[in-house]
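**Student:** Got a predicted structure plus its sequence, pasted below:
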Amino acid sequence: MDASKPAKVVKDAVEAATARVAEALTPAIPGAPGSAPPAVDEPTTPHDPLPPKAEQGAPQTRTPTGARTGAPTTANGQQGEFLTTSQGSRLRATDHSLKAGPRGPILLQDHHFREKITHFDHERIPERVVHARGAGAHGVFTGYGTAEAMTRAGFLAKGKQTPVFVRFSTVLGSRGSADTVRDTRGFATKFYTDEGTFDLVGNNIPVFFIQDAIKFPDIIHAGKPHPDREIPQAQSAHDTFWDFVSLHTEAQHHTMWNMSDRGIPRSYRMMEGFGVHTFRLVNAAGETTLVKFHWKPKLGVHSLTWEEAQIAGGVDPDFHRRDLYDAIEAGAFPEWELGVQVFPDTPEETFAGIDLLDPTKLVPEELAAVQPVGKLVLNRTPTNFFAETEQVAFHLGHLPPGIDVTNDPLLQGRLFSYVDTQLTRLGGPNFSQIPINRPHAPVNDMLRDGFHQHAVHAGAAPYRPNSLDGGNPFPAGDAEHAFLDVPVTVAAAPKVRANPASFDDHYSQVRLFWLSMSPVEKEHIIRAYTFELGKCYEQAIKERQLQCLANIDPLLCAEVASGLGLPAPAPTVPLVESTPSPALSQVGQQWPTDGRVVGIVVDPDADLEGAALVRRDLSAAGMLPLIIAPHGGMVGDLTVQRTFATARSVEFDAILLATAPRPAPDALPSRDDKAGSADPGASAVDPRVLLLVEECWRQAKAIGAWGTGARVVRSARVADTPGVVSAGSGAEALAAVTDLLATHRVWERFPAAALA
């Protein structure tokens with residue numbers, strides 16, 4: 001068949017993409033930008049658009065009112081072989097404006113120019129005021145059936161599968177900020193249930209900065225860049241933030257979580273999620289319970305070190321976004337279990353003395369275990385970032401029958417704010433009709449018209465009751481699974497601007513978190529407070545925050561004060577002794593190694609056969625091996641993914657050394673800063689490999705070597721230290737490193753005896 005024919009071109013592209021994904025012994029390395037390799041020469045034979053990449057998904061093709069269309073998801077994408085206007089008129093060219101002669105002015109009649117430029121000028125919509133920097137993915141949620149006694153929500157039924165879209169985000173930074181900043185992360189999930197959309201809009205921290213939504217503009221204004229200079233970007237290490245949280249001490253609990261390792265996750269795949277607020281569940285009998293929602297990652301909670309976060313911010317500001325999409329493309333689908341902490345729905349709405357309506361408080365899992373109710377798997381990346389991730393609109397008021405809200409004053413304010421912000425961002429009230437937001441349940445809402453109305457409503461009577469449309473739409477009852485606003489009794493009380501007295505405890509749970517940390521985690525918290533407060537200009541703000549730390553723990557305060565060169569104040573409130581909660585610590589457990597990235601250093605003199613076997617075994621174990629070599633292309637039969645010039649420690653969870661590579665020709669200070677200032681001939685090992693090993697060692701990562709690779713760990717002076725393995729073969733080195741990977745890091749390399 002003639003290769004110039006369009007059908008043949010598309011078929012070849014599909015086969016090439018399939019072959020790349022299905023390659024057995026050398027799995028495809030994630031990151032290919034398109035579904036088929038490009039030709040060197042510009043393609044000139046017309047053909048239909050190439051198919052999406054194998055890992056890409058898209059919103060289901062639903063009508064604006066929720067009906068299935070039966071069309072493939074590609075029906076929402078571009079169509080046809082030829083360039084057209086937005087109205088489908090085919091165009092001859094798009095590189096030259098219509099002019100009065102080759103050197104003349106552009107003519108006003110150039111409708112193609114005006115359409116193209118006008119659309120370009122209006123491509124951007126306002127970014128989110130908060131959570132502007134985000135990444136999203138499609139997936140499926142499967143219910144366990146364990147929540148049946150608590151809620152009538154159908155998507156939690158045993159074996160019920162519900163499509164989802166999840167958006168992860170940072171709070172403070174703009175859309176162009178780095179992924180690895182110290183910040184709170186959003187974890188927002190849109191469940192497309194057949195009883196209506198459910199949006200669970202949470203964070204990776206179970207408590208919030210403030211107790212009442214009326215303060216939300218204040219905390220965000222304090223955390224955002226200073227209004228005069230628009231700096232610093234995506235940081236809390238500045239005066240206005242610490243001014244606010246040291247004056248509003250209710251923020252100290254959230255701040256402590258943010259200063260811990262939770263503030264810089266290793267990956268979205270290794271990040272917990274929390275619904276923050278207390279919700280009310282209603283079962284089929286009308287009985288109610290109170291719950292808090294939790295997302296538990298299959299891979300366990302894991303964080304970046306401060307050095308890794310700094311390196312990643314420079315060499316790969318898209319670190320978390322790339323990690324998420326590469327994992328899905330590689331088939332290492334991220335998984336979480338959804339669980340609930342369950343509490344009796346009593347008039348006091350408290351549990352174990354903890355006010356369940358206070359969003360700055362958590363309930364330790366040792367007091368109320370998290371009960372699993374379903375599993376989330378993310379298995380498709382977006383086809384178009386703007387259409388899906390940027391335009392997805394979440395709202396806490398998107399609730400299915402069986403789930404209701406409580407009187408948490410922060411939650412109550414969010415119920416207004418989320419709808420209000422979409423009116424500006426998405427151009428009007430019909431944002432639910434954008435494909436990514438369309439419900440998967442029939443919609444008959446009697447809402448009409450407005451900007452961007454895509455539905456073509458029939459009938460003459462969008463009101464109730466009516467007779468002109470035969471009475472349609474009709475109200476639903478319990479038999480039809482109608483949503484129930486739980487008739488909670490509201491106690492008689494005067495109108496006041498006040499909080500309950502139980503909201504006044506701002507320190508006991510912060511102290512609980514501190515006491516629950518391992519020694520190494522406490523060291524990181526001290527380091528974070530010292531760094532952030534050290535970036536503040538005003539001494540008064542530092543002193544005020546030190547007083548807050550004194551009210552949490554004297555040792556914490558003293559260590560931070562020492563780093564700031566300030567005296568440590570005495571506590572002004574009694575220190576509450578709390579039983580530590582092991583569930584709050586990230587250290588001390590073992591987790592699956594799925595999706596871990598392992599670098600294998602080789603050169604032409606390496607044990608290439610052993611390296612090939614190690615690569616095969618890593619792939620078989622669900623991990624991602626990357627070959628690191630002096631140059632690109634091939635080393636023996638091994639395809640190189642990283643070179644000594646391009647590799648950096650932050651990319652890898654562990655390093656394996658199959659050789660002690662001599663300095664490569666480009667190991668020159670003038671060619672690569674990582675080569676250092678020494679004469680390349682003065683070192684027996686390429687200095688960039690030594691730097692890679694030294695960084696991995698400082699970052700408490702596992703390091704394995706065999707053969708001549710053992711010379712590298714000796715040259716780096718890290719041999720015989722915890723987590724550095726010299727083995728007789730690649731298989732032995734891999735086995736040892738795999739065991740170490742299960743605990744995330746080798747923290748015993750850096751004992752923190754003073755804080756034990």
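**Tutor:** Received the coordinates, thanks.

**Student:** Now do the contacts for the closest residue to residue 349 other than its chain neighbours.
**Tutor:** In space, and not counting its chain neighbours, residue 349 is closest to residue 356: 5.0 Å by Cβ to Cβ, 6 or more residues apart in numbering. Any C-beta I mention is one placed from the backbone N, CA and C, and that applies to glycine too. Listed by Cβ atoms under 8 Å, 6 or more residues apart in numbering, the contact set of residue 356 reads 278, 290, 292, 343, 349-350, 363, 406.

**Student:** ok, and the most crowded of those?
**Tutor:** Greatest neighbour count in the contacts of residue 356, by other Cβ atoms under 10 Å, goes to residue 278: 26 neighbours.

**Student:** Local confidence estimate at it?
**Tutor:** Listed pLDDT for residue 278 reads 98.

**Student:** ditto for residue 755
**Tutor:** Predicted confidence (pLDDT) for residue 755: 64.

**Student:** one step back: got phi/psi on the residue nearest to residue 349?
**Tutor:** Phi and psi for residue 356, reported as degrees, to the nearest 10, are phi -70, psi -10.

**Student:** and if you look at residue 259?
**Tutor:** Backbone torsions for residue 259, taken as degrees, to the nearest 10, come to phi -80, psi -10.

**Student:** Any buried residues in stretch 711-728, and which?
**Tutor:** 711-713, 715-716, 718-719, 723-727 (16 or more other Cβ atoms under 10 Å).

**Student:** and if you look at stretch 34-42?
**Tutor:** Under 16+ other Cβ under 10 Å, the buried positions of stretch 34-42 are 35-36.

**Student:** Likewise for stretch 436-451?
**Tutor:** For stretch 436-451, by 16+ other Cβ under 10 Å, it's 436-441, 443.

**Student:** Tell me, what's the model's pLDDT at residue 13?
**Tutor:** Reported pLDDT for residue 13: 52.

**Student:** correction: residue 695
**Tutor:** On the pLDDT scale, residue 695 gets 97.

**Student:** Let me know whether it touches residue 649 as I believe.
**Tutor:** Yes. Using Cβ atoms under 8 Å, residue 695 is in contact with residue 649, at 3.6 Å.

**Student:** circling back: what is the most widely separated pair among the buried residues of stretch 711-728?
**Tutor:** Spanning the widest gap among those are 711 and 723, at 18.3 Å by Cβ to Cβ.

**Student:** What segments of the stretch 401-550 of the chain are strands?
**Tutor:** Ranges of strands in the stretch 401-550 of the chain, per DSSP state E, counting those that start in this stretch, are 403-404.

**Student:** what ranges do the helices span in it?
**Tutor:** Listed in chain order, the helices of the stretch 401-550 of the chain (DSSP state H, counting those that start in this stretch) span 409-425, 508-516, 519-534, 539-550.

**Student:** Buried by neighbour count: which residues of the shortest one qualify?
**Tutor:** Okay, so that is helix 508-516. 508-516.

**Student:** Show me the residue sitting in the middle of the chain in space.
**Tutor:** residue 168 (3.4 Å; Cα atoms, centre = their mean).

**Student:** can I assume that one sits in a strand?
**Tutor:** Yes. Counting by DSSP: H, G, I helix; E, B strand; the rest coil, residue 168 is part of a strand.

**Student:** give the contact list for it.
**Tutor:** Applying Cβ under 8 Å, 6+ apart, we find residue 168 in contact with 134-136, 185-188, 268, 271, 320, 324.

**Student:** Could I get the pLDDT score of it?
**Tutor:** Residue 168 carries a pLDDT value of 98.

**Student:** So which of the contacts of residue 168 is surrounded by the most neighbours?
**Tutor:** Counting by other Cβ under 10 Å, top hit in those: residue 320 with 28 neighbours.

**Student:** wait, doesn't it sit right on residue 137?
**Tutor:** No. Counting by Cβ under 8 Å, residue 137 is not a contact partner of residue 320; they are 11.9 Å apart.

**Student:** Number of residues surrounding residue 220?
**Tutor:** 16.

**Student:** With only the CA atoms kept, save stretch 535-547 in CSV.
**Tutor:** What follows is stretch 535-547, C-alpha atoms only, in CSV (Å, rounded to 0.1, in the frame of the first residue of the first chain):
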residue,chain,number,x,y,z
LYS,A,535,14.1,35.4,55.7
CYS,A,536,11.9,37.9,57.6
TYR,A,537,13.1,41.5,58.0
GLU,A,538,11.3,42.6,61.1
GLN,A,539,12.7,41.5,64.4
ALA,A,540,9.4,42.0,66.2
ILE,A,541,7.7,39.4,63.9
LYS,A,542,10.5,36.9,64.7
GLU,A,543,10.1,37.5,68.4
ARG,A,544,6.3,37.1,68.3
GLN,A,545,6.5,33.8,66.4
LEU,A,546,9.2,32.5,68.9
GLN,A,547,6.6,33.2,71.6
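
**Student:** what's the average pLDDT for it?
**Tutor:** Mean predicted lDDT for stretch 535-547 stands at 97.

**Student:** next one: stretch 405-418
**Tutor:** On average, stretch 405-418 scores 94.

**Student:** again, but for stretch 320-333
**Tutor:** Here the average pLDDT along stretch 320-333 is 96.
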